[in-house]
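> Kindly generate the corresponding structure for this input.
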Amino acid sequence: MPRKDTPERKRELELKDELEKMIAIDTTDLQNSIQEAKNILPTRTASGFLDYHRVKDESDDTSKNIVDSIAEFYLDKDIIKEIPYVRQKNSVDKITVSNLLFQMKTAEHAIIKLLEEIDNGNTHPRTFEVLASLQRSKMEIVKHLAQFMVIMEQNYKNLKEDYRIKKSEEPTSLSPGDYSVESEGSGTQFRGSRGLVELLREAVPEKKADAAIKNEKNGEDRESLEH
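Reported below is the predicted structural model:
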């Protein structure tokens, strides 16, 4: 009498058949199945790693363009290069702007990473707390950058006025050929402060001599009248 299979026995035979079929699948079919599974399952997207050296170089280039454009708007290039104080201030301003830009870009990268974590299912409350903190920090950096731009502009504007006053207070040294005298009618025009001073010095003895001659002549006239 043949043995009757129980339901458990039938299930074991079915599983055995499935395992044998899986083993029989060749490597190519297995790779195709894996690729199909990847296409069906949701994939995790990420922006990749941040190239910090590239970001730092970009921040340096941007800060150089910003600071130079503001400085050259108020001052000549020769003044920026030749005066040590202006040159050093220009360098410090570039460092400050570059650091602010670098911090802002790295904060943006961290915010993007956290947003990706949340989109991929990480909804832990701590994740949202850190995200909010980073967003506040980024806005503070943006505010500091805007304030520093205004301060920097005002500083270069003041430097322009200070340089003008300093140049006006410096003594003027002119060579004898830097002045001229022009006579128009009864008036005389002088060009060059040094020339004016020398002409005045030369004119003083002549005036004294003219006064002596005039006094002597007046004395002779009075003697003639008395006789």
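
> in the protein, what spans have low per-residue confidence?
Within the chain, the stretches with pLDDT under 70 are 1-5, 16, 18-48, 171-227.

> any idea where the helices of the chain begin and end?
Listed in chain order, the helices of the chain (DSSP state H) span residues 7-24, 27-40, 52-74, 77-82, 84-119, 125-169, 193-226.

> and the closest residue in space to residue 86 that isn't next to it in sequence, what does it touch?
With sequence-adjacent residues excluded and distances taken as C-beta to C-beta, 6 or more residues apart in numbering, residue 86 is closest to residue 80, at 5.3 Å. All C-beta spots, glycine's among them, are computed from the backbone N, C-alpha and C. When contacts are counted by C-beta atoms under 8 Å, 6 or more residues apart in numbering, residue 80 touches 71, 72, 86, 87, 90.

> repeat that for 6 Å
The contact partners of residue 80, taken as C-beta atoms under 6 Å, 6 or more residues apart in numbering, are 71, 86, 90.

> Quickly name whichever of those is closest to residue 55.
residue 90 (22.8 Å; C-beta to C-beta).

> Against residue 81, how distant is the closest one?
9 Å (C-beta to C-beta, to the nearest Å).

> likewise residue 113?
From residue 113 to residue 81 the distance is 43 Å (C-beta to C-beta).

> These two: which has the busier surroundings?
residue 113 (14 against 11; other C-beta atoms under 10 Å).

> Quick check: residue 107 touching residue 139?
No: assessed by C-beta atoms under 6 Å, residue 107 is found out of contact with residue 139, at 9.4 Å.

> give the contact list for residue 8.
Neighbour list for residue 8: empty [criterion: C-beta under 6 Å, 6+ apart].

> Please tell me how far it sits from residue 15.
Taking C-beta to C-beta, one finds residue 8 at 11 Å from residue 15.

> and if you look at residue 86?
85 Å.

> For the two, work out which one has more neighbours and name it.
Higher neighbour count among residue 86 and residue 15: residue 86, with 19 against 10, using other C-beta under 10 Å.

> Near residue 67, how many other residues are there?
Should you count by other C-beta under 10 Å, residue 67 turns out to have 23 residues around it.

> list the contacts for it?
Taking C-beta under 6 Å, 6+ apart as the test, what residue 67 contacts is 93, 94.

> redo that, cut-off 8 Å
Counting by C-beta under 8 Å, 6+ apart, residue 67 touches 90, 93, 94, 97, 152.

> Ok, residue 62 next?
97, 98, 101.

> who wins for neighbours among those?
When neighbours are counted by other C-beta under 10 Å, residue 97 leads these with 23 neighbours.

> Looks like it contacts residue 65 (just checking).
No: between residue 97 and residue 65 there is no contact, the gap being 9.7 Å when judged by C-beta atoms under 8 Å.

> For stretch 71-88, buried residues please.
71, 74, 75, 79, 80, 83, 86 (16 or more other C-beta atoms under 10 Å).
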